[in-house]
Structure formats: structure tokens, C-alpha cells
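A.B. asks: please work out how this folds:
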Amino acid sequence: MDDTRNDNIEIEKEVLLLVEGGDDKRLFDALIKHLSLPPVQIISYEGKNKFKNKIGVIATKTPGFQNISCIGIARDADDNPQGAFQSIIDALKSYGLDAPKNPLEITAGKPKIAVMIIPGIGRTGELEDVCLESLNNDPAITCVNQYFECLHNKNIDISRRIAKAKIYVFLASKPEPGKRIGEAAQAGYFNFDDKAYQPFKEFLQLINQ
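C.D. replies: Modelled structure (predicted):
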């Protein structure tokens, strides 16, 4: 069932994972399968500004909420990792839910709750930064960097979201160019064994305890 674009949520599993968007949903799904972890129900809250509404619907209007054993929440840090974490905590508390004191910690109540701020504790950035970091040893990344160096030398304006821009240039080197980040993750284009994904692995193992 796709819970991405509506609030008619049906609880299908004891563990929920709430993520920011469709790309996050696909990447986490691919990583869970890569790690051979038990499947969880992944729900997109469609943007950071909609998280409070989504968690409210789940906590107050969704049949079967009492059967949930754990909720994992992932969100991009962007430029303010502490602010991103605090906004999740404030939303949880507004509905009387337990809130962890720090990212990658889990509460003791029911449901247990854990929060991951991407790319990792205390770091700024977003999902694309992690994907790009994991490509450091990929032979195509040298060509990607040369391309952006060429743009710079020719005084061509480059997107401020440089990680996202570099990822899409990297994906142009693949047999099926044009995939979105999540689709690329499902196609095996990123190296999930790279240390860049270690915080993701710790988070997923935490909510699957």
C-alpha cells in the first residue's frame, strides 16, 4: 500500500519508519533489503513542513496505532541539524508522544521512538550528501568532479545544492540514466557497504531491536 499522498493510513507492521520524501522511502527500502533486516512499514510525510500533521494523523486518527511497537523518524539536517531535530521533538511532544533526548537514541515507552538526522549527528546536509560521499571510490566520480571544475573555470553558475547536482551527473554514467535518487538506490547504483551509510545502518538496527 502506498501511504505517500494521503492520510488514509493502515497500520500493516509493528515498526513504522517515517521519512521525508519518496526518494528517502525507496533508498531506505533498498537498504533494509541489503542488510536483510525485517521489513518495516515506510511512510513518507512529504516534506519537513508536513511532519507534524502526519504524526498527528498516525497518533490520533489511525486505527491500530496501539499495535505499533516502534516509530523511526528520518529527516534531512539541511543547514541546521539541531533545529531539524528539535522540530521533530516538538511535534512528538505536541501529541503526547515520547521523544528521545538525542538522535540515534531510542525511548523506552510504547511505541518506542528514534530519530535520525541525515547525514549524521551534528552534520549539515541532506540525503544526496550521503549518496555522494559513498561514491568516493567509484571511478566515475573523477569525471564528475572534472565536469564541475570545467563549469567553474568557465564562470558558469552552479547549483548551491552541489551534492544533488553531482549525483545526477554521476547517474548519467549508468546504463539507465535519468533515475531519481531512490530509484538509483533500488537499482544498486550506490555502494551500501560504504561507511557513509553507517549511521543509517545503526538507525535501522535500533528500530528493529
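
A.B. asks: and the most centrally placed residue in the chain, which helix or strand is it part of?
C.D. replies: Residue closest to the mean C-alpha point of the chain, counted by CA atoms, centre = their mean, is Asp24 at 4.2 Å. If you go by DSSP states H and E, Asp24 is part of helix 22-34.

A.B. asks: gap between the residue of the chain most remote from its centre and Asn145?
C.D. replies: Within the chain, the residue lying farthest from the chain centre (CA atoms, centre = their mean) is Lys154, at 34.6 Å. Per CB to CB, to the nearest Å, Lys154 is found 15 Å from Asn145. All C-beta spots, glycine's among them, are computed from the backbone N, C-alpha and C.

A.B. asks: over to Lys174?
C.D. replies: On the measure of CB to CB, Lys174 and Asn145 end up 17 Å apart.

A.B. asks: do Asn102 as well
C.D. replies: Asn102 is 35 Å from Asn145, by CB to CB.

A.B. asks: go on, Lys166?
C.D. replies: Counting by CB to CB - Lys166 and Asn145 are separated by 8 Å.

A.B. asks: comparing these two, which residue is more hemmed in?
C.D. replies: Lys166 (22 against 13; other CB atoms under 10 Å).

A.B. asks: which element follows the helix or strand encompassing the more buried one toward the C-terminus?
C.D. replies: Under the criterion of DSSP H and E, Lys166 resides in helix 162-171. Counting by DSSP H and E, the element after helix 162-171 in chain order, helix or strand, is helix 181-186.
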